[in-house]
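Asker: Fold the following and give me the result.
(chains A and B)
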Amino acid sequence: DSGVTQTPKHLITATGQRVTLRCSPRSGDLSVYWYQQSLDQGLQFLIQYYNGEERAKGNILERFSAQQFPDLHSELNLSSLELGDSALYFCASSGGTGETQYFGPGTRLLVL
Amino acid sequence: GENVGLHLPTLSVQEGDNSIINCAYSNSASDYFIWYKQESGKGPQFIIDIRSNMDKRQGQRVTVLLNKTVKHLSLQIAATQPGDSAVYFCAENINQAGTALIFGKGTTLSVSS
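Answerer: Below you'll find the model as predicted:
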């Protein structure tokens, strides 16, 4: 158990819908990272927040957004969902920037 | 293209053998490398890391070797066990601030008893 929690574990929705994925980092960690894992693209970095502020952006679509709250938990919002958004979404946390990232169990999203 | 890649998509070994999983990286500016293990239905689990000022680091039954000259990283697992069966990813930092990790495509290790 990495200490990073994610909810929900599974999510099934329809195209065009919007969903919110939630992540709680390990106790004391200030950085939260979101990654997408699909069969054809592998693990891809989406976005990082550090202590409530966006720190880095990767291959994140404009339909996706994230935020980190004062209690340091983070949410990833996915809107106007498409079939191709079906994937595993992982959250990772680290104490700061440049430190080891520990991953949560993931949310499996299925868009029908 | 990928900054980090693995030489073999699958590796099959017998229980008790030593396993070597290889990874090539292309970004010479990367200074931090990590190996993760991912079991089916779970998130990547940290195994061991190494910084570019080192060429070897040992953990419990695992050793990571870094060859910066040829930009090669390897993970050695001693006395491989069935519980080691998983997908193994190497990852590197893509910038000096060390934020995002770039992952390779992974090697599936199968251990038969």
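
Asker: Just confirm residue A:23 contacts residue A:8, I think it does.
Answerer: No. Counting by C-beta atoms under 8 Å, residue A:8 is not a contact partner of residue A:23; they are 11.4 Å apart. C-beta here means a position set from N, CA and C on the backbone, and glycine is covered the same way.

Asker: what about these two, which has more around it?
Answerer: A side-by-side neighbour count of residue A:23 and residue A:8, using other C-beta atoms under 10 Å in any protein chain shown, places residue A:23 first with 27 against 13.

Asker: helix or strand for the residue nearest to residue A:67 when sequence neighbours are not counted, which one?
Answerer: Residue nearest to residue A:67 in three dimensions, not counting chain neighbours: residue A:75, with 5.9 Å by C-beta to C-beta, 6 or more residues apart in numbering or on different chains. Element membership for residue A:75, per DSSP states H and E: strand A:74-78.

Asker: how about the CA coordinates for that strand, as CSV?
Answerer: The C-alpha trace of strand A:74-78 is given here as CSV (Å, rounded to 0.1, in the frame of the first residue of the first chain):
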residue,chain,number,x,y,z
SER,A,74,-6.7,16.6,-6.0
GLU,A,75,-9.4,16.1,-8.5
LEU,A,76,-9.2,15.3,-12.2
ASN,A,77,-12.2,16.4,-14.2
LEU,A,78,-12.8,14.8,-17.6
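
Asker: packing partners for that strand?
Answerer: strand A:19-24, strand A:31-38, strand A:42-50, strand A:64-68, strand A:87-94 (3 or more C-beta pairs under 8 Å, 6 or more residues apart in numbering or on different chains; DSSP states H and E).

Asker: can you tell me how far the most centrally placed residue in chain A sits from chain B?
Answerer: Nearest residue to the geometric centre of chain A (C-alpha atoms, centre = their mean): residue A:34, 3.4 Å. Look at residue A:34 and chain B: by C-beta to the nearest C-beta, to the nearest Å, they are 10 Å apart.

Asker: from what I can see that residue touches residue A:89, true?
Answerer: Yes. Using C-beta under 8 Å as the test, residue A:34 is close enough to residue A:89 to be in contact (6.7 Å).
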